[in-house]
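J.: The amino acid sequence is not available; the structure is as follows:
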């Protein structure tokens, strides 16, 4: 059973370009989360999605960032007009549609974005 | 809003020393509590969890007890190994919810 798959693992973009990060959740998981980890900082929640719906985007910057999780295909985190401050590791996680307490979320290995 | 506060690192210990990493959480509702571990260049992995007061989570020699009275979930291990060197994250999740909020992480170095 494959884990959460993220690609690309490493991405270099020039200032002003667009970055697209993809995440395929674990099989059977319908919830996807995106987190950002800045160098030497903690993990910041960005957005939580279910298929075709954004449930909570309270951690997403108001401009340039967007996320989707279509009915078919991976979840995409899109960053338009990247700036140097967007350089970070972006982690995707997924969880099954359980209603119980203590829902473990499973992380991918991350996508490292470098803006030059 | 909901938050998690954990002790700043880095923490440097000799092999076989005792480890405690403090973690406190905001007391909104009755959250589930987690410890995740991150090895260099990798994503986070669940280490242990507890879903209600007085529960003790344990795994690989690590333990943490859900203390409602002190809103704490401190991570402990009696004898650390070099292979325990990693970043440890405390996290909370609201009851019946899915959004998980993480602390800033505590880096642990264990010297041989």
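T.: Structure's in. What do you need? From a predicted model like this one, the values you see are computed outputs, not experimental measurements.

J.: quick one: residue B:90 and residue A:93, what's the gap?
T.: Computed as CB to CB, to the nearest Å, the residue B:90 to residue A:93 distance reads 16 Å. Using the backbone N, CA and C atoms, a C-beta is placed for each residue, glycine as well.

J.: and residue B:112, how many neighbours?
T.: Neighbour count for residue B:112, taken as other CB atoms under 10 Å in any protein chain shown: 6.

J.: Quick check, it in contact with residue B:15.
T.: Yes: counting by CB atoms under 8 Å, residue B:15 is a contact partner of residue B:112 at 5.5 Å.

J.: overlap in contacts of those two?
T.: Shared contacts of residue B:112 and residue B:15 (CB atoms under 8 Å, 6 or more residues apart in numbering or on different chains): residue B:82.

J.: Quick one: neighbours of residue 80, just the number.
T.: By default, I'm working from chain A. By the measure other CB under 10 Å, the count of residues near residue A:80 is 13.

J.: my bad, the chain I had in mind was chain B
T.: The number of residues packed near residue B:80 is 22, by other CB under 10 Å.

J.: Equivalent analysis for the one 4 residues further on, please.
T.: The local packing count at residue B:84 equals 20, with neighbours defined by other CB under 10 Å.

J.: The closest residue in space to it that isn't next to it in sequence - how many residues pack around it?
T.: Nearest non-adjacent residue to residue B:84, counting by CB to CB, 6 or more residues apart in numbering or on different chains: residue B:110, 5.4 Å away. Neighbours of residue B:110 under the rule other CB under 10 Å: 19.

J.: For residue B:110, give me its contacts.
T.: B:12-15, B:17, B:80-85.

J.: How about residue A:45?
T.: Residue A:45 neighbours (CB under 8 Å, 6+ apart): A:33, A:35, A:58-59, B:99-102.

J.: I'd like the distance between it and residue B:53.
T.: On the measure of CB to CB, residue A:45 and residue B:53 end up 24 Å apart.

J.: And for residue B:83?
T.: Counting by CB to CB - residue B:83 and residue B:53 are separated by 32 Å.

J.: how about the residues of chain A that lie near chain B?
T.: A:4, A:31, A:33, A:35, A:41-45, A:48, A:55-56, A:91, A:93, A:95, A:99-110 (CB under 8 Å from any CB of the partner chain).

J.: right, is the lowest-mean-pLDDT helix or strand in chain B up against chain A?
T.: Of all helical and strand segments in chain B, the minimum by mean pLDDT, DSSP states H and E falls on strand B:100-102, at a mean of 91. Yes: interface with chain A: strand B:100-102 contributes B:100-102 (CB under 8 Å from any CB).

J.: who does that strand pair up with?
T.: Using DSSP bridges, strand B:100-102 pairs in its sheet with strand B:86-93 (antiparallel).

J.: Quick one: residues in contact with the strand it pairs with.
T.: By CB under 8 Å, 6+ apart, strand B:86-93 touches A:42-43, A:101-103, B:2, B:4, B:6, B:9, B:21, B:23, B:25-26, B:31-40, B:44, B:47, B:73, B:75, B:99-103, B:105-108.

J.: In space, what's closest to the spatially most central residue of chain A - neighbours in sequence excluded?
T.: Centrality entry for chain A: nearest residue to the mean C-alpha point is residue A:34, 3.2 Å, by CA atoms, centre = their mean. Of all residues not flanking residue A:34 in the chain, residue A:46 sits nearest, at 4.4 Å (CB to CB, 6+ apart).
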